[in-house]
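Novice: Dropping a prediction and its sequence here:
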Amino acid sequence: MAPESVPALTVHRLRKVYGTHVALDDLDLAVESGTVFSLLGPNGAGKTTLVRILATLIRPDGGQARVFGHDVARAGDTVRGLIGVTGQYAAVDTILTGTENLRMTGRLLHLGTAETRRRTAELFERFDLVDAADRPVAGYSGGMRRRLDLAMSLMGRPRIVFLDEPTTGLDPRSRRDLWTAIRELADDGTTIFLTTQYLEEADQLADRIAVLDGGRIVADGTAAELKRLVPGGHIQLSFADHHLLSAAARAVADEPGAYIDADQLTVQLPGDGSATEMKQVLDRFADLDIAIEQLTVHTPDLDDVFFALTGQPRSAAAVA
């Protein structure tokens, strides 16, 4: 679905301070409606602080944030009617059944009995929870609880959903099931604001990604655009023996950035891994009658981007 003319989210010079710690430092950000936007950053970067401000849970100390044109500080009731929020841990009542959880949410949203029943049935079908609807949530798997939690956040048909690290603690299959649900929401036109500690998750889901560090956005763009910010792409050639490796080393002796690993019998050449570039490399060695045993391509990924921009590896990326 095409994005609307009014942005889903605009943030201008947003500031939040806790004592002497500046959590958000004159932050600027914009998110188009109908898109999936992902926010990455290390511990303490300010991600959860931003989500809490946008969800009207806390007030900023300066600047402005608008959800579909409505100021989060001045029009909190209106904003709350436009959003859904799923936190890092499933906010479900494990004593109640799945149906009772959704109906309780419907009552809190003042949807009315008929609409609550209708939405409950629709959401159980959408998230493949029909068979578990009347079972206590205590018996649900982690993946089922996360899907129920997401269903609860959608009861009021929000235009934007804030997903604060939604797949924390899930096994790979449950994580991918939730990814599918998130993609379907986006395809239906719901705007998704996603914070995640999984860089693969952002790469898979997001139309745009911003990297937050020290309360500021240090990079913003598509996954492909961010990857182009980081040098380090290369082609690695493996050879069967030291004789072939020595011949290859002589062939690339004048090549800037070439690296020879005698222990691994490999030659590494800078490159972007394009088809044209790989063909040139293969033709070059074929002309010299140097047999290549294996060719592999490494292009910068979001791990490289994250480390280069924040100085921290992926394992340190967590919501804060």
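Specialist: Now that the structure is in, tell me what you want to look at. The shown structure was predicted, so the numbers you read here are calculated from the model rather than taken from an experiment.

Novice: Show me what counts as buried in stretch 31-39.
Specialist: 31-39 (16 or more other Cβ atoms under 10 Å). Backbone N, C-alpha and C define where each C-beta goes, glycine included.

Novice: Let's have those residues in CSV, adding pLDDT, secondary structure and distance to Thr266.
Specialist: Shown next, in CSV, are the buried residues of stretch 31-39 (pLDDT from 0 to 100; DSSP: H, G, I helix; E, B strand; the rest coil; distance: Cβ to Cβ, whole Å):
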residue, pLDDT, secondary structure, distance to Thr266
Val31, 95, strand, 43
Glu32, 94, coil, 44
Ser33, 92, coil, 48
Gly34, 91, coil, 46
Thr35, 93, coil, 41
Val36, 95, strand, 38
Phe37, 96, strand, 39
Ser38, 94, strand, 34
Leu39, 92, strand, 37
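
Novice: of all these, which comes closest to Thr78?
Specialist: Distance to Thr78, by Cβ to Cβ, is smallest for Ser33 among the buried residues of stretch 31-39, at 15.9 Å.

Novice: quick one: that closest one and Ser5, what's the gap?
Specialist: 9 Å (Cβ to Cβ, to the nearest Å).

Novice: strands paired with the one helix or strand Ile217 maps to, and their directions?
Specialist: Ile217 is part of strand 216-221 when elements are defined by DSSP states H and E. When pairing is defined by DSSP bridges, strand 216-221 lines up against strand 208-213 (antiparallel).

Novice: that older thread, buried residues in the strand holding Ile217?
Specialist: Taking 16+ other Cβ under 10 Å as the criterion, strand 216-221 shows 216-217, 219-220 as buried.

Novice: got it, and stretch 261-268?
Specialist: 265-268.

Novice: what about it, start to end distance?
Specialist: Criterion Cα to Cα, to the nearest Å; first-to-last residue distance in stretch 261-268 is 8 Å.

Novice: tell me the contacts of the residue nearest the centre of the chain?
Specialist: The residue lying closest to the centre of the chain (Cα atoms, centre = their mean) is Ala202, at 2.6 Å. Listed by Cβ atoms under 8 Å, 6 or more residues apart in numbering, the contact partners of Ala202 are 38, 40, 194, 196, 209, 223, 302.

Novice: Quick check on it: phi, psi?
Specialist: Phi and psi for Ala202, reported as degrees, to the nearest 10, are phi -60, psi -40.

Novice: how near is the closest residue to it other than its chain neighbours to Ala181?
Specialist: The shortest distance from Ala202 to any non-neighbouring residue, by Cβ to Cβ, 6 or more residues apart in numbering, is to Ser38 (3.9 Å). To Ala181, Ser38 is 16 Å away according to Cβ to Cβ.

Novice: pLDDT wise, what is Val211 at?
Specialist: Listed pLDDT for Val211 reads 90.

Novice: Report the beta-bridge partners for it.
Specialist: Leu40, Ala219.

Novice: what's the burial count for it?
Specialist: Number of residues near Val211 (other Cβ atoms under 10 Å) recorded here: 26.

Novice: Then Ala251?
Specialist: For Ala251, the count of nearby residues is 16 (other Cβ under 10 Å).

Novice: what's the closest non-adjacent residue to it?
Specialist: Using Cβ to Cβ, 6+ apart, the nearest residue to Ala251 is Leu288, at 5.6 Å.

Novice: got the phi/psi numbers for that neighbour?
Specialist: phi -90, psi 0.
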